[in-house]
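>>> Pasted the sequence and its predicted model underneath.
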Amino acid sequence: MGMARPLLHFPNDGLSALIAPLRHTRALQRTRRTWRLGPLAFAYAAALADVVAILLAAVVTVALHGLMTVGAVTGLSTGLSVGLVVAVLVTLVGVHNRGYAQQSYLSLSGQVSRAFGLWNSASLAALALGVATRAASDFPRAGLAVFYVLGFAFLVGARRGVVHGVATLRERGLASPRRAAVVGFEQDINELQPAGAVGDDGAEFVCTFALREAEAFFADDLLLAVAAIRLHRPDDVFVALPWSRSDLIESSLAALMELPVEVHLGLGGSLRLHETAAIAHVGAVSGLTVTRPPLGVLQQIEKRVFDILVSGLALVLLSPALAIVALLIRLDSPGPVLFRQKRYGVNQEPFRIYKFRTMRTMDDGAIVKQATRADARITGIGAHLRRLSIDELPQLINVLIGEMSIVGPRPHALAHDQLYVDKLARYARRHNVKPGITGWAQVHGHRGEIADDSAMLARLEHDLYYIDSWSLWLDIKIVWWTIFSRKAHTNAY
């Protein structure tokens, strides 16, 4: 760029772009008073909608129970008490999962699944609390199922109502998205990639000012940028400069601090991939957090409870069938009933996976040959077990003792893990969660023999999507598809 003139870009060309902000200053200020409540105020309003919905569901439940049993509305105080406890738990889980951010309410998409996970987490916690303290002894037992259904329905309704409310305010001009400006070097601005118009992200970039890198022009360009930003009255300004140029960043921050705006250092380059970056304070040390565990503490508890319930119930119900399968294996060919092989679990900690033996060999070393179609090593009964995925059922034991999960990335043999961790970037991220009996990749047909790297890459992409998009509702859907979808058994041989 060198001697080039600074690049000043507005959504509209010409002098009117500079004059327009002055003409509409009062209108913008009125809009800000409506919409610019800030993230904390919005979170409070969204959480309040959840609380009202849950309290209403609890009161309706006890009212219906009273009308059906004694012909009168009774127990309203009990309903309010129980509803308040559950509402507090819901808001706590929501705050912990950052579920009350404005971005979560910009679209109807995902509201049901988010509400489902939130409601189940809070319901399980409330049930455990009620059993432990007997605090809900006056709440009608017959009404628990009704309260569960009504609470979930009202919670979804409240969240959809907030989404529609925000959309209506915007359509009528009573609310507007956050206005942002970008200032920095042109290359860094391009890496930051701000949107040029209002979108689902809830932001409008109204001014982009590219500074010249030559030191002789930088100060003057920065003064011009501050003047342009002052005219456009944005809420946020992003500084797009190389993080290695601390001197230029300090000068820019000093100049922009004169403006009544929020100033942010843009995450360009490789940092742009880390959308959850935030400042962290650990003791006396501060740093930029670019990654974090995929599941929070409450989410881990929610998933573990689900795993224990499903694996325990399945082992009890399927025990007669498992015994018959074990007998058939012993009668079909010599060797043990169960096949144990070392696999990597969460954090790449090795464990022994349990499977029904379906082959005449027991490979578990540096070289593990994958099963292929019409593989001569597969036993007679083993072919049927593999086709129906029955050979995976002993892994319910791994789930029950905490080494695996019902749903998660499928664990591979150590030899295959060690091969692909060097071949494919981000492959090791599969070990950030517990491996599963079934997974997002498997229900989309990505299972069986890995013929080439592209097959593993497709499986990896599905596994990473699951890790980044986890919810209890997603686990339930994957279990359902595993049982009833024919695609989930594609390439099972």
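Happy to help now that I have it. In this text, all values refer to a predicted model and were calculated from it rather than measured experimentally.

>>> Can you give me the buried ones in the longest helix seen in the chain?
The longest helix of the chain (DSSP state H) is helix 297-332. Buried residues in helix 297-332, defined by neighbour count with 16 or more other CB atoms under 10 Å: 298-299, 302-303, 305-307, 310-311, 314-315, 322, 325-326, 328-329, 332. Quick note: C-beta positions are derived from backbone N, CA and C, even for glycine.

>>> the strands in the stretch 51-200 of the chain, which residues?
Ranges of strands in the stretch 51-200 of the chain, per DSSP state E, counting those that start in this stretch, are 178-185.

>>> so where's it uncertain?
Where the stretch 51-200 of the chain drops to pLDDT under 70, the residues are 128-142, 172-177, 193-200.

>>> ranges for the helices of it?
76-96, 111-133, 143-171, 186-192 (DSSP state H, counting those that start in this stretch).

>>> Those into a markdown table, with extra columns for mean neighbour count and distance to P293?
Formatted as a markdown table, those follow (neighbours: other CB atoms under 10 Å; distance: least, CB to CB, whole Å):
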| stretch | mean neighbour count | distance to P293 |
| --- | --- | --- |
| helix 76-96 | 19 | 13 |
| helix 111-133 | 18 | 17 |
| helix 143-171 | 17 | 26 |
| helix 186-192 | 18 | 27 |
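
>>> mind checking which of these is nearest I476?
With CB to CB as the measure, helix 111-133 is the member of those nearest I476 (8.3 Å).

>>> Show me what the closest one is in contact with.
Around helix 111-133, the neighbours that count as contacts under CB atoms under 8 Å, 6 or more residues apart in numbering are 82, 85-86, 89-90, 92-94, 97, 99, 104, 135-136, 139, 148, 151-152, 155-156, 159-160, 163, 298-299, 301-302, 305, 471-474.

>>> Output stretch 337-352 as CSV, nothing but the C-alphas.
C-alpha atoms of stretch 337-352 as CSV (Å, rounded to 0.1, in the frame of the first residue of the first chain):
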residue,chain,number,x,y,z
VAL,A,337,-17.1,-64.5,23.8
LEU,A,338,-15.8,-61.0,24.3
PHE,A,339,-13.1,-59.2,22.2
ARG,A,340,-11.1,-56.6,24.1
GLN,A,341,-8.9,-54.1,22.3
LYS,A,342,-7.0,-51.0,23.5
ARG,A,343,-8.5,-47.7,22.2
TYR,A,344,-8.0,-44.1,23.1
GLY,A,345,-10.6,-42.4,25.2
VAL,A,346,-11.1,-38.8,26.3
ASN,A,347,-7.7,-36.9,26.6
GLN,A,348,-6.1,-39.8,24.7
GLU,A,349,-6.2,-42.0,27.8
PRO,A,350,-6.2,-45.7,26.7
PHE,A,351,-8.9,-48.1,27.8
ARG,A,352,-10.0,-51.6,26.8
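
>>> buried set for that stretch?
L338, F339, Q341, R343, Y344, G345, V346, F351.

>>> tell me the secondary structure for the third one?
Read that as Q341. With DSSP: H, G, I helix; E, B strand; the rest coil as the basis, Q341 sits in strand.

>>> Who is it paired with across the strands?
I353 (DSSP bridges).

>>> From F351, how far off is it?
10 Å (CB to CB, to the nearest Å).

>>> same deal with the first one?
Here the distance between L338 and F351 works out to 14 Å (CB to CB).

>>> need the contact list for L414.
Contacts of L414 by CB under 8 Å, 6+ apart are K342, R343, Y344, P350, V368.

>>> Closest to V183 out of these?
Distances from V183 to those, taken by CB to CB, are shortest for Y344, at 46.3 Å.

>>> Buried residues, stretch 408-418. List them.
So, applying 16+ other CB under 10 Å, buried residues of stretch 408-418: G408, P409, R410, P411, H412, A413, L414, A415, D417.

>>> Identify the farthest-apart pair in those residues.
Farthest apart among these - using CB to CB - are G408 and A415, which lie 20.3 Å from each other.

>>> any idea how far stretch 328-346 is from the chain center?
The chain centroid and the centroid of stretch 328-346 are separated by 36 Å under CA atoms, centre = their mean, to the nearest Å.

>>> What's the mean pLDDT across it?
Across stretch 328-346, the average pLDDT comes to 88.

>>> start to end distance for that stretch?
33 Å (CA to CA, to the nearest Å).

>>> which outside residues touch it?
Outside stretch 328-346, the residues that reach it (CB under 8 Å, 6+ apart) are 326, 350-360, 362-364, 368, 379-382, 394, 403-404, 411-414, 417, 431-435.

>>> Narrow those to just the buried residues.
326, 351, 353-359, 379, 381-382, 394, 403-404, 411-414, 417, 431-435.

>>> Let's see which of those residues end up in strands.
Members of the buried ones among the contacts of stretch 328-346 lying in strands (criterion: DSSP state E): F351, I353, Y354, K355, F356.

>>> hang on, isn't the fourth one packed against I390?
So that's K355. No. The criterion here is CB atoms under 8 Å, and K355 misses it with I390 at 9.9 Å.

>>> so what's A153 up against?
Per CB under 8 Å, 6+ apart, neighbours of A153: A57.

>>> now with 6 Å?
Contacts for A153 (CB atoms under 6 Å, 6 or more residues apart in numbering) come out as none.

>>> how far away is it from A45?
In terms of CB to CB, A153 sits 21 Å off from A45.

>>> buried set for stretch 443-455?
Neighbour-count burial for stretch 443-455 flags V443, H444, G445, H446, R447, G448, I450 (criterion: 16+ other CB under 10 Å).

>>> starting at the chain centroid, how far to that stretch?
On CA atoms, centre = their mean, the centre of stretch 443-455 falls 25 Å from that of its chain.

>>> Now do the end-to-end distance for it.
First-to-last distance for stretch 443-455 - CA to CA - comes to 15 Å.

>>> begin at 795 from here
That works, and once the first residue is 795, the last one we named lands at stretch 1237-1249.

>>> Correct me if wrong: A1282 contacts H1238.
No. With contact defined as CB atoms under 6 Å, A1282 does not count as touching H1238 (8.2 Å).

>>> tell me the mean pLDDT for stretch 1255-1265?
90.

>>> Let me have the ones in strands among the buried ones among the contacts of stretch 1122-1140 in TSV, adding distance to L1016 as columns.
Below are these laid out as TSV (distance: CB to CB, whole Å):
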residue	distance to L1016
F1145	57
I1147	60
Y1148	65
K1149	65
F1150	69
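
>>> Tabulate those (CSV), appending pLDDT and distance to R964.
As requested, those are arranged in CSV below (pLDDT from 0 to 100; distance: CB to CB, whole Å):
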residue, pLDDT, distance to R964
F1145, 94, 51
I1147, 93, 52
Y1148, 93, 55
K1149, 92, 54
F1150, 91, 57
